[in-house]
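J.: 3D, please:
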Amino acid sequence: MQISVDGTTKDSYEAIRKGARFDRMVENCKLINEYCASLGVEKTRMWSLIQRDNIAELKEFPKFAKELARFPPTEKSFFNPLPFKK
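T.: Down below sits the predicted model:
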């Protein structure tokens, strides 16, 4: 199971995901983890696309993923192969 999360704060998440609610996403991640655990699924992963609205949070994503995903992130998990222009 893979969960797409584009911000580690309410402001950035809701700026990127128009109409979405950060608190609801956090709660849903917890529910998905509980459900997967009940089925014996050992991993859930968090996927994030780094962009202008969340680049300042880059260092926070591993900690955030560790809290909300059931698969410990690695440094490789947060690699952006494309050049980024501010």
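J.: gap between the longest helix that the chain contains and the chain center?
T.: In terms of residue count, the longest helix belonging to the chain (DSSP state H) is helix 22-39. Here helix 22-39 shows a centroid-to-chain-centroid distance of 12 Å under the convention Cα atoms, centre = their mean, to the nearest Å.
J.: and what of stretch 39-50?
T.: Its chain's C-alpha centre and that of stretch 39-50 lie 9 Å apart, by Cα atoms, centre = their mean.
J.: quote the end-to-end distance of that stretch.
T.: Chord length of stretch 39-50, first to last residue, is 31 Å (Cα to Cα, to the nearest Å).
J.: show me what counts as buried in that stretch.
T.: Within stretch 39-50, the residues scored as buried using 16 or more other Cβ atoms under 10 Å are 44, 46, 48, 50. Glycine gets a C-beta too; all of them are placed from N, C-alpha and C.
J.: now, those that are in helices?
T.: Residues of the buried residues of stretch 39-50 located in helices (DSSP H): none.
J.: where do the strands sit along this structure?
T.: When assigned using DSSP state E, the strands of the chain occupy the ranges 2-4, 45-47.
J.: now do the first one: which elements does it pack against?
T.: With contacts defined as 3 or more Cβ pairs under 8 Å, 6 or more residues apart in numbering; DSSP states H and E, the secondary structure elements packing on strand 2-4 are strand 45-47.
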